[in-house]
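Sequence first, then the predicted structure, then my questions.
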Amino acid sequence: MSSLLKGVNLYLIGMMGVGKTTIGRLLAKELGYGFVDTDNVIAQATGKSINELFTEEGEAGFRKLESDVLSQVCAFTKLTISTGGGIVLRRENWGYLHHGLIVWLDAPVELIYSRLAEDSTRPLLQDADPKGKLRSLLEQRIPLYSQADLHIIEREGETPEEVAKGILEAIPSVLKTQDSD
Ligand SMILES: Nc1ncnc2c1ncn2[C@@H]1O[C@H](COP(=O)(O)OP(=O)(O)O)[C@@H](O)[C@H]1O
Ligand SMILES: O=C(O)C1=C[C@@H](OP(=O)(O)O)[C@@H](O)[C@H](O)C1
Ligand SMILES: [Mg+2]
């Protein structure tokens, strides 16, 4: 399986709660790749939670840190990189993402909401109408997520392992060069 991508990095993009962090870790294991989660790197580097960074630096400050991390990790190979849902917003980030294979992990808003309803670690969902916020964020971001190489739609009840398996099975269909050895 590790020869599938020939060392090319795999980037997971998509809305918060679709499972990028959870599934990225599984994919890295299957591929024999290293695993990086951009939010975790930011939290480790700053010693602050994502909530604290949004409060203290604002979303713009957080986005700057996110771009810095992405620019650093894309210099490496053999990585599965789980991004934060808003990484698609900055145009400069696409120059980094396109160094690898980009997978848009997608799920219905109802499913995402059911996973995050009790979760207070997503500052953008600390809103009077979190479900409405998810819908409007998704609507704004669909044209951006659509630039991914691969679009994977999760079904309700699918386990992270099943989603990861579906991604691995779909990858050969989007590889630009075929393995000739
Ligand atoms: N396929 C799945 N089925 C059920 N729960 C899931 C699934 N994928 C992720 N989760 C749960 O949903 C929440 C959000 O997952 P996470 O990996 O943090 O998503 P993201 O990084 O995209 O925000 C976590 O509690 C995680 O355990
Ligand atoms: O969608 C977003 O703008 C965000 C998603 C979060 O990451 P996950 O997508 O891993 O939840 C985190 O980066 C931050 O709360 C902002
Ligand atoms: Mg995450």
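Nice, thanks for sending it over. Ligands and ions are numbered 1, 2, ... in the order given.

I'd like to know which residues of this structure are adjacent to ligand 1.
16-22, 82, 115, 158-160, 163 (C-beta under 6 Å from any ligand atom). No exception for glycine: its C-beta is placed from N, CA and C like everyone else's.

Identify all contacting residues around the strand or helix carrying Leu65.
Here Leu65 sits within helix 50-73, counting by DSSP states H and E. Identification of contacts with helix 50-73 by C-beta atoms under 8 Å, 6 or more residues apart in numbering yields 9, 36, 38-39, 41-43, 45-46, 48, 79, 81, 83-84, 86-87, 89-90, 92-93, 96-97, 120-124.

Kindly point out the strands partnered with the top strand by length along the chain and how each is oriented relative to it.
Looking across the chain with DSSP state E, the single longest strand is strand 101-106. For strand 101-106, the pairing partners within the sheet under DSSP bridges are strand 10-13 (parallel), strand 150-153 (parallel).

and that strand, which residues are buried?
Going by neighbour count (16 or more other C-beta atoms under 10 Å), the buried part of strand 101-106 is Leu101, Ile102, Val103, Trp104, Leu105, Asp106.

So what sits opposite the fifth one in the bridge?
Yep, that's Leu105 we're talking about. According to DSSP bridges, beta-bridge pairing links Leu105 with Ile152.

What number of residues are in the vicinity of the residue lying closest to Asp127 once chain neighbours are set aside?
Closest residue to Asp127 apart from its sequence neighbours, by C-beta to C-beta, 6 or more residues apart in numbering: Lys133 at 4.4 Å. Neighbour count for Lys133, taken as other C-beta atoms under 10 Å: 16.

Could you confirm Lys133 falls within a helix?
Yes: according to DSSP: H, G, I helix; E, B strand; the rest coil, Lys133 belongs to a helix.

How about the contacts made by it?
Per C-beta under 8 Å, 6+ apart, neighbours of Lys133: Leu124, Leu125, Asp127.

ok, it to Gln140 distance?
Using C-beta to C-beta, to the nearest Å, one obtains 11 Å as the distance from Lys133 to Gln140.

ok, now Ala128?
Taking C-beta to C-beta, one finds Ala128 at 19 Å from Gln140.

re the thing from before, of the residues of the chain next to ligand 1, keep whichever come out buried.
Judged by 16+ other C-beta under 10 Å, buried ones among the residues of the chain next to ligand 1: Met16, Gly17, Val18, Gly19, Lys20, Thr21, Thr22, Ser82, Pro160, Val163.
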